[in-house]
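[1] Okay, here's the prediction I keep looking at, along with the sequence it came from:
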Amino acid sequence: MRKLLIENILRHPKEFHWSTQGLGMLRIYLAQHTRLHIWDRSLLVPGVSPVHTHPWDFKSTVVVGLMRNTRFIEASGGERWNRVLIKCGEDACTMGEPEQILMQEQLSEQYREGDEYQQASTEIHLSHPEDGTVTIVERVFKPDTEHAYVYWRGKGAWVDAKPRPATPDEVQSVTQRALETWF
């Protein structure tokens with residue numbers, strides 16, 4: 001049933017209010033706690049800081065495609081990373097000065113059609129899906145729904161991935177690629 005609903009959304013994308021997020025996704029809200037994500041590198045903001053935590057726990061279900069997820073842990077023997085607390089959303093901004101920490105990358109996880117994975121708000125991770133991957137994200141809100149950490153290497157500054165309205169061309173091309181992945 002859920003798959004038929006999502007296919008209908010992809011076949012009639014102009015009937016929905018889509019936004020993009022600079023981490024490479026097109027998204028709509030199916031309910032307050034539930035979003036549909038279509039992943040596509042064309043939506044990545046150049047130089048974006050893609051390693052992050054969330055202000056909520058979540059469960060993600062892969063509807064179609066391939067999702068790779070890499071988690072990181074803070075560890076004294078790890079690599080040097082920058083970290084800063086941000087306010088999430090359309091008014092995204094840093095909430096202080098970046099600090100340096102040491103982190104280790106864990107083994108990459110792979111999820112395919114029908115697979116689910118869960119993640120706590122405090123878990124540091126990087127999503128790197130194939131273009132056209134479609135996921136459903138069910139969020140469990142915490143008391144603070146606006147703040148998370150972002151991480152990046154090197155001397156540069158944090159590069160924002162805040163959401164914005166999707167253009168009609170973005171909606172058309174990304175949903176078309178998702179349908180091609182599906183069929």
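    Perfect, I can see it now.
[2] Hmm, Pro98 is touching Trp81, no?
    No: counting by CB atoms under 8 Å, Pro98 does not reach Trp81; the two are 9.6 Å apart. Glycine gets a C-beta too; all of them are placed from N, C-alpha and C.
[3] Could I get the full set of helices for the chain?
    2-11, 168-182 (DSSP state H).
[4] buried stuff in the first one?
    With burial defined by 16 or more other CB atoms under 10 Å, the residues of helix 2-11 counted as buried are 6-7, 9-10.
[5] cool, the longest one as well?
    Within helix 168-182, the residues that count as buried by 16+ other CB under 10 Å are 170-171, 174-175, 177-179, 181-182.
[6] Tell me the confidence at the most centrally placed residue in the chain?
    For the chain, the residue nearest the mean C-alpha position is Leu23 (5.8 Å; CA atoms, centre = their mean). Note on Leu23: pLDDT of 93.
[7] Leaving out chain neighbours, which residue sits closest to it?
    Ala161 (4.8 Å; CB to CB, 6 or more residues apart in numbering).
[8] In this structure that neighbour contacts Val51, no?
    No: the pair Ala161 / Val51 is not scored as a contact, 11.1 Å apart, by CB under 8 Å.
[9] Out of the helices and strands in this protein, which is least certain?
    Counting by mean pLDDT, DSSP states H and E, the chain has its least confident helix or strand at strand 93-94, which shows a mean of 80.
[10] Residues touching it, excluding its own?
    With contacts defined as CB atoms under 8 Å, 6 or more residues apart in numbering, strand 93-94 is touched by 84-87, 158.
[11] still on that earlier bit, quick one: contacts for the residue nearest to Leu23?
    With CB under 8 Å, 6+ apart, Ala161 has these contacts: 21-23, 45, 48-50, 92.
[12] Which two among the buried residues of helix 2-11 are spaced furthest apart?
    Largest separation among the buried residues of helix 2-11 by CB to CB: Glu7 and Ile9, giving 7.3 Å.
[13] shared neighbours of these two, anything?
    Counting by CB under 8 Å, 6+ apart, nothing touches both Glu7 and Ile9.
[14] Can you point out the buried residues in stretch 133-152?
    Neighbour counts over stretch 133-152 (16+ other CB under 10 Å) mark 133-139, 148-152 as buried.
[15] Just the closest of those to Asp57, please.
    Using CB to CB, Arg139 is the member of the buried residues of stretch 133-152 that sits closest to Asp57, with 7.3 Å.
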